[in-house]
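A.B. asks: pasting the sequence and the predicted model now:
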Amino acid sequence: MPESSYSGKDIQVLEGLEAVRKRPGMYIGSTGPKGLHHLVYEIVDNSVDEALAGQCTTIEIVIHADGSVSVTDNGRGIPVDNVPKYRKSGVEVALTILHAGGKFGGSGYKVSGGLHGVGVSVVNALSTRLEVEVKRDGKIWQMAFERGKAKGSLEATGRSKATGTKVRFWADPEIFETVEFSWDTIATHMRETAFLNKNLRITLTDERELEPRYEEFRYAGGIVDFVKYLNDKKESIHARPIYFESEGAEGMVEVAMQWNTGYTETVLAFANNINTHEGGTHLEGFKNALTRTINDYARRQGILKEKDDNLSGEDIREGLTAIISVKLREPQFEGQTKTKLGNTEMRSLVQSVVTAGLAEYLEEHPKPARSIVMKSTQAAKARAAARKARELTRRKGLLESSTLPGKLADCSVKEAALTEIFLVEGDSAGGSAKQARDRSFQAILPLRGKILNVEKAGINRALSSQEIQALITALGTSIQEEFDLEQARYHKVIIMTDADVDGAHIRCLLLTFFYRYMRPMIDAGYVYIAQPPLYKISYGKKHEYAYTDKELQKVLARLPESTKYSLQRYKGLGEMNPEQLWETTMDPERRTLLQVTLDDALAAEEVFVDLMGDQVEPRKLFIQRHAKNVRFLDV
Ligand code: 28G
């Protein structure tokens, strides 16, 4: 189309995508790795919608050698016909009009238009290049874009009997802090998507390595398989997950649940495939129904006597792994991160489905029913004991004592928002860190040896550990029910451990601690992991650091052939002098910190359970895989 014939609508389109490029954060949350991966999900969501409409069975994702990503589905293919309102093909409309394709009020359930609900046009705007290929009506149709602008128009380029849509995009390095996709991040998300969409086949291929990596996700059991997966390394109380589903005018509800012998509650709630981290009406309905039904049953069976208090929701959910998945036509997402379901009709719907389904299960399965109730009563007893222990500890002034631990080298600034604390493995590294730090705003807490394994130990023992007590007092927030984010003495808590397996283990122990006892610290984004370098490369009078093996290869490749260099591999923080520690790991101007998020409840759970759980086998496997780096083996 010649430029002179651009209509007002065309100009609006360009302005629309320009707005996306100007303020990408508004559309995809961030321009960090999270926002980058959001691009993939945004495209995949469109394919999942085709699957939800019953028109698509397979989604193939490829991370290409050049760093681009393609998504291919075998749906009906985006319509290619002219859309009169825009005087463009349906394909071009989908890729250039913000919020194209009316999210709500359609006939079926939709994933897209969910979390940020921005659509593929946003991916287009944030890519240096995007290619789309549609197969339908016996033809292959193709078109390309650069930074959101169409290069030509949709053209038929060949013939095919197949149908479907393929989109390949190159994320724009001018927009994103990094354009490197992570296999683990995409795989975890796709596994979750496959669990939530029974029998949908999703494949992931990574062609960036010489030997391509490939994985297929397809679960005939849907969320029942999801629960089995989450409980895989745990010992379950009843053999098969409890499952019920129901579909009505308000939407569809599916619940799968299984108790294990552990103490953790893992209840994940989804609405239209979106992980509703902040919960909402569906989760409330589930919890209400669960608490009432189990208490009713316990009383009817005489396990709870008239004089006994009701079992609390927390007691009942101890060791419970559950997935609640609802699909509804007009989801309302609320809350700070728009991950809280607001539709009130879902509260009563889920509540009645769970009440009916669970009551029936309990009647029909008396043995597991009894085990479940006994587990809850034990939890109630343990909780009462823990409360007592906490009160005792508090009376001794250990939890909220105003005297800071002796080993803490505190900073001089008192304004928590400006300060940070490094949790450092071992006294020697702690010593270096104390010398290296900027004492005005950086505090150091050395933690000796392995801090207590809080997953295995109950709270009583955890609290009697000196390391844990020092940690709690230094952070100032107290724990669990008494936790108060306002009292945090630092807004950055930086875990600094060695770059080896023991370091990873200690990091995991600390993360477990935060996860179990101070979760809001993670939610608030206060917890970080320091990134010490793995190598120092010295040549002439210069030196450089490499933080990964890949980076080392890059640095070495850059050096002229004749250059002599020496290579130091850091096995621990202790091998760095204070100055090195400062410039590589602690200086806010130069360091990289990884912010710990709970976005990935799945991945976190897995690592915690692998390393901390009761079963020895996964831990052994982990250690064998990393055996060359193990210093001491007390896991
Ligand atoms: C591979 C990358 C991402 C998609 C379809 C299929 C249809 C469609 C997509 O229609 C417009 C609005 C409501 C009907 C629908 C094809 C009906 C008939 C589709 C994708 C038209 C959008 N034939 N597959 N959009 N609707 N896959 N994958 O984007 O009225 S998007």
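C.D. replies: Cool, got the structure. Numbers count the residues shown, from 1 in each chain.

A.B. asks: tell me where the stretch 251-400 of the chain has helices.
C.D. replies: Per DSSP state H, counting those that start in this stretch, the stretch 251-400 of the chain carries helices over the ranges 281-300, 313-317, 345-364, 366-395.

A.B. asks: figure out which of the ones you listed is closest to residue 225.
C.D. replies: helix 345-364 (18.4 Å; C-beta to C-beta). C-betas here are computed from N, CA, C, even on glycine.

A.B. asks: outside of that closest one itself, which residues are in contact with it?
C.D. replies: Residues outside helix 345-364 that contact it (C-beta atoms under 8 Å, 6 or more residues apart in numbering): 242, 244-246, 248, 250-251, 253, 255, 271, 280-282, 284-286, 288-290, 292-294, 296-297, 324, 326, 328, 369, 372.

A.B. asks: same deal with stretch 76-84?
C.D. replies: So stretch 76-84 is contacted by 50, 55-56, 88-91, 93-94, 132, 134-137, 141, 154, 163-165 (C-beta under 8 Å, 6+ apart).

A.B. asks: quick one: low-confidence residue ranges for the stretch 251-400 of the chain.
C.D. replies: 390-400 (pLDDT under 70).

A.B. asks: and for the chain?
C.D. replies: In the chain, residues with pLDDT under 70: 1-15, 100-107, 112-118, 390-402, 449-461, 599-635.

A.B. asks: please name the residues that touch the residue of it found nearest the ligand.
C.D. replies: Across the chain, the shortest distance to the ligand (C-beta to the nearest ligand atom) belongs to residue 46, at 3.2 Å. Going by C-beta under 8 Å, 6+ apart, residue 46 touches 73, 112, 119-120, 165.

A.B. asks: identify the farthest-apart pair in the residues you listed.
C.D. replies: Pairwise over these, using C-beta to C-beta, the maximum falls at 73 and 119, 15.5 Å.

A.B. asks: the more surrounded of those two?
C.D. replies: Taking other C-beta atoms under 10 Å, residue 73 and residue 119 do not tie; residue 73 has more neighbours (27 against 23).

A.B. asks: contacts only, for the closest residue to the more buried one other than its chain neighbours.
C.D. replies: Distance criterion C-beta to C-beta, 6 or more residues apart in numbering; nearest residue to residue 73, sequence neighbours excluded, is residue 47 at 3.7 Å. Residues near residue 47 by C-beta under 8 Å, 6+ apart: 56, 59, 71, 73, 75, 165.

A.B. asks: if we go to 10 Å?
C.D. replies: By C-beta atoms under 10 Å, 6 or more residues apart in numbering, the contact set of residue 47 is 56, 58-61, 71-75, 111-112, 164-167, 193, 200, 202.

A.B. asks: how close does residue 387 get to residue 481?
C.D. replies: 9 Å (C-beta to C-beta, to the nearest Å).

A.B. asks: of those two, who's got more company?
C.D. replies: residue 387 (13 against 8).

A.B. asks: thought residue 546 was touching residue 552?
C.D. replies: Yes: if you go by C-beta atoms under 10 Å, residue 546 and residue 552 touch, sitting 3.9 Å apart.

A.B. asks: any shared contact partners between the two?
C.D. replies: With C-beta under 10 Å, 6+ apart as the test, residue 546 and residue 552 both reach 533-535, 537, 567, 569.

A.B. asks: Throw the helices of the stretch 251-400 of the chain into a markdown table and include distance to the ligand, thanks.
C.D. replies: Below are the helices of the stretch 251-400 of the chain laid out as a markdown table (distance: least, C-beta to the nearest ligand atom, whole Å):
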| stretch | distance to the ligand |
| --- | --- |
| helix 281-300 | 26 |
| helix 313-317 | 37 |
| helix 345-364 | 24 |
| helix 366-395 | 42 |
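
A.B. asks: save these as a markdown table, and put in distance to residue 436 too.
C.D. replies: Shown next, in a markdown table, are the helices of the stretch 251-400 of the chain (distance: least, C-beta to C-beta, whole Å):
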| stretch | distance to residue 436 |
| --- | --- |
| helix 281-300 | 45 |
| helix 313-317 | 43 |
| helix 345-364 | 52 |
| helix 366-395 | 34 |
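
A.B. asks: out of the ones you listed, nearest to residue 181?
C.D. replies: Closest of these to residue 181 is helix 281-300, at 31.0 Å (criterion: C-beta to C-beta).

A.B. asks: show me which residues of the closest one are buried.
C.D. replies: Neighbour counts over helix 281-300 (16 or more other C-beta atoms under 10 Å) mark 281-298 as buried.

A.B. asks: ok, now stretch 565-581?
C.D. replies: With the criterion 16+ other C-beta under 10 Å, stretch 565-581 contains buried residues 568, 570, 572-576, 580-581.

A.B. asks: list just the nearest of these to residue 435.
C.D. replies: Once C-beta to C-beta is applied, the member of the buried residues of stretch 565-581 that ends up nearest residue 435 is residue 581, at 8.3 Å.

A.B. asks: thought residue 496 was touching that closest one, still the case?
C.D. replies: Yes: counting by C-beta under 10 Å, residue 581 does reach residue 496; the two are 8.8 Å apart.

A.B. asks: which residues are common contacts for these two?
C.D. replies: Shared contacts of residue 581 and residue 496, counting by C-beta under 10 Å, 6+ apart, come down to 422, 424, 429, 433, 530, 532, 573.

A.B. asks: so of these, which ones are in helices?
C.D. replies: Counted as lying in helices by DSSP state H, out of the shared contacts of residue 581 and residue 496, are 429, 433.

A.B. asks: make CSV from the shared contacts of residue 581 and residue 496 and add distance to residue 444 to it.
C.D. replies: Shown next, in CSV, are the shared contacts of residue 581 and residue 496 (distance: C-beta to C-beta, whole Å):
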residue, distance to residue 444
422, 5
424, 6
429, 10
433, 5
530, 12
532, 15
573, 12
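
A.B. asks: now, which of the shared contacts of residue 581 and residue 496 sits nearest residue 463?
C.D. replies: Looking across the shared contacts of residue 581 and residue 496 and measuring by C-beta to C-beta, the closest to residue 463 is residue 424, at 21.9 Å.

A.B. asks: for the closest one, give the beta-bridge partners.
C.D. replies: residue 446, residue 496 (DSSP bridges).

A.B. asks: so it sits against residue 507, correct?
C.D. replies: No: in this structure residue 424 lies outside contact range of residue 507 using C-beta under 10 Å: 11.5 Å.

A.B. asks: between these two, which one's more packed in?
C.D. replies: Neighbour comparison, residue 424 and residue 507: the larger count goes to residue 424, with 27 against 21 (by other C-beta under 10 Å).
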